[in-house]
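Undergrad: here is the input, now give the coordinates:
(one chain, ligands or ions: 1)
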Amino acid sequence: MTERNQGVLYVVATPIGNLDDLSLRAQRILAEVELIAAEDTRHTAVLLNHFEIHTPMTKLHDHNEAQRTPALVKKLLAGDSLALVSDAGTPLISDPGFNLVRAARAAGIRAIPIPGACALIAALSVSGLPTDRFVFEGFLPPKTAARRLRLQQLQSETRTLVFYEAVHRLTESLSDMLQVFGSERRAVIARELTKLHESVRQDTLAALLAWVDSDSHIRKGEVVILVAGLAAKRTAIETDKILTILLEELPVKQAVALAARLTGGKRNTIYQRALEIGKLSNI
Ligand code: SAM
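TA: Numbers count the residues shown, from 1 in each chain. Just a heads-up that it's a prediction; the model follows:
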């Protein structure tokens with residue numbers, strides 16, 4: 001339970017482009033708290049000036065968060081309320097704040113979310129890709145080998161994949177996705193959301209790569225990349241076909257190992273399926 005005389009840590013989402021997206025509640029909280037912990041105080045100053053909010057700020061970014069956290073928790077324990085903001089969107093979502101929220105909660109401080117803009121949710125909501133189940137992968141590793149390895153691990157993921165990406169790596173990342181997921185996999189590039197040049201384009205990875213290569217304007221601004229998950233039904237049918245053929249020629253163990261390699265599926269799942277196919281064919 002939070003003590004009455006303790007402060008509250010508000011985790012406040014800020015706009016990802018359009019300043020009108022700062023909610024009325026967010027405006028009120030930012031004006032009322034004793035202190036705002038901001039990723040970049042100069043950046044947040046523009047937002048605060050726009051709304052004529054004069055609350056003092058302190059810096060809280062990736063490089064000082066661990067060191068600053070104890071002092072901020074102390075302030076909260078002493079009764080000061082604090083708002084945590086990042087440069088854009090929801091704090092902690094590929095942004096600083098995790099250390100502070102974890103430490104505040106561990107100290108019994110109440111953390112209250114003030115929800116608002118988040119690029120991944122905004123992009124997903126208009127992508128036209130399935131939204132019932134999705135995986136947020138944040139930023140891919142910047143180095144090619146690590147990036148490809150990460151993508152390979154996601155090759156047979158059936159949920160919609162959502163990535164943040166620095167726009168100067170857009171071409172490289174799309175090429176790697178094309179290599180790993182295949183040129184025909186559908187994907188979406190959501191650019192400059194809530195801004196003047198907003199665009200959301202869905203196509204195959206091959207067509208999206210050609211589009212990005214064709215126009216240098218597309219390689220500016222901010223992007224979210226979404227990739228359709230591997231069609232689950234098709235995979236199951238394909239796996240069954242492959243497995244049935246292999247089982248006719250090979251012992252179960254070998255057939256399962258080969259089918260797992262060919263489909264990218266899990267050995268245990270394929271083994272279970274092999275047993276079921278075996279039983280069916282014995283009837
Ligand atoms: N915390 C933020 C949020 O809630 O979306 C994300 C911060 S992360 C450091 C920045 C990345 O978010 C960008 O590289 C881009 O992938 C995505 N992003 C942020 N604003 C965007 C916008 N207006 N349009 C498209 N993508 C955006």
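
Undergrad: please make it C-alpha for all contacts and neighbour counts, starting now.
TA: Noted.

Undergrad: what strand or helix carries residue 116?
TA: Assessed by DSSP states H and E, residue 116 sits outside every helix and strand.

Undergrad: got a list of what it touches?
TA: 12-15, 21-23, 89-90 (C-alpha atoms under 8 Å, 6 or more residues apart in numbering).

Undergrad: now those in a markdown table, with neighbour count, pLDDT and secondary structure?
TA: Listed next are the contacts of residue 116 as a markdown table, based on neighbours: other C-alpha atoms under 10 Å; pLDDT from 0 to 100; DSSP: H, G, I helix; E, B strand; the rest coil:
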| residue | neighbour count | pLDDT | secondary structure |
| --- | --- | --- | --- |
| 12 | 27 | 98 | strand |
| 13 | 26 | 98 | coil |
| 14 | 28 | 98 | strand |
| 15 | 21 | 98 | coil |
| 21 | 16 | 98 | helix |
| 22 | 20 | 98 | coil |
| 23 | 18 | 98 | coil |
| 89 | 24 | 98 | strand |
| 90 | 27 | 98 | coil |
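
Undergrad: next, format the residues you listed as JSON lines and append distance to the ligand.
TA: Converted to JSON lines, those look like this (distance: C-alpha to the nearest ligand atom, whole Å):
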{"residue": "12", "distance to the ligand": "10"}
{"residue": "13", "distance to the ligand": "7"}
{"residue": "14", "distance to the ligand": "8"}
{"residue": "15", "distance to the ligand": "8"}
{"residue": "21", "distance to the ligand": "11"}
{"residue": "22", "distance to the ligand": "13"}
{"residue": "23", "distance to the ligand": "14"}
{"residue": "89", "distance to the ligand": "4"}
{"residue": "90", "distance to the ligand": "4"}
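
Undergrad: domains for the protein, by residue range?
TA: 9-117, 120-229, 232-281 (automatic domain parsing).

Undergrad: mean pLDDT for the ones you listed: which is lowest?
TA: Lowest mean pLDDT within the domains of the chain: domain 232-281, at a mean of 86.

Undergrad: part of a helix, is residue 54?
TA: No. Residue 54: not assigned to a helix; according to DSSP: H, G, I helix; E, B strand; the rest coil it is coil.

Undergrad: next, count neighbours for it.
TA: 13 (other C-alpha atoms under 10 Å).

Undergrad: and it, how far from residue 96?
TA: 23 Å (C-alpha to C-alpha, to the nearest Å).

Undergrad: how about stretch 168-179 and the ligand, touching?
TA: No. Stretch 168-179 is not in contact with the ligand by C-alpha under 6 Å from any ligand atom; minimum separation 9.8 Å.

Undergrad: with stretch 213-226 instead?
TA: Yes. Remark: stretch 213-226 sits within contact range of the ligand at 222-224, by C-alpha under 6 Å from any ligand atom.

Undergrad: residues of the protein that sit close to the ligand?
TA: 16-17, 88-91, 93-95, 118-120, 164-166, 190-194, 222-224.

Undergrad: which of those are buried?
TA: By neighbour count, with 16 or more other C-alpha atoms under 10 Å, the residues of the chain next to the ligand hold 16-17, 88-91, 93, 95, 118-120, 164-166, 190-194, 222-224 as buried.

Undergrad: those in strands, which ones?
TA: Secondary structure defined by DSSP state E assigns 164-165, 190-191, 223-224 of these to strands.
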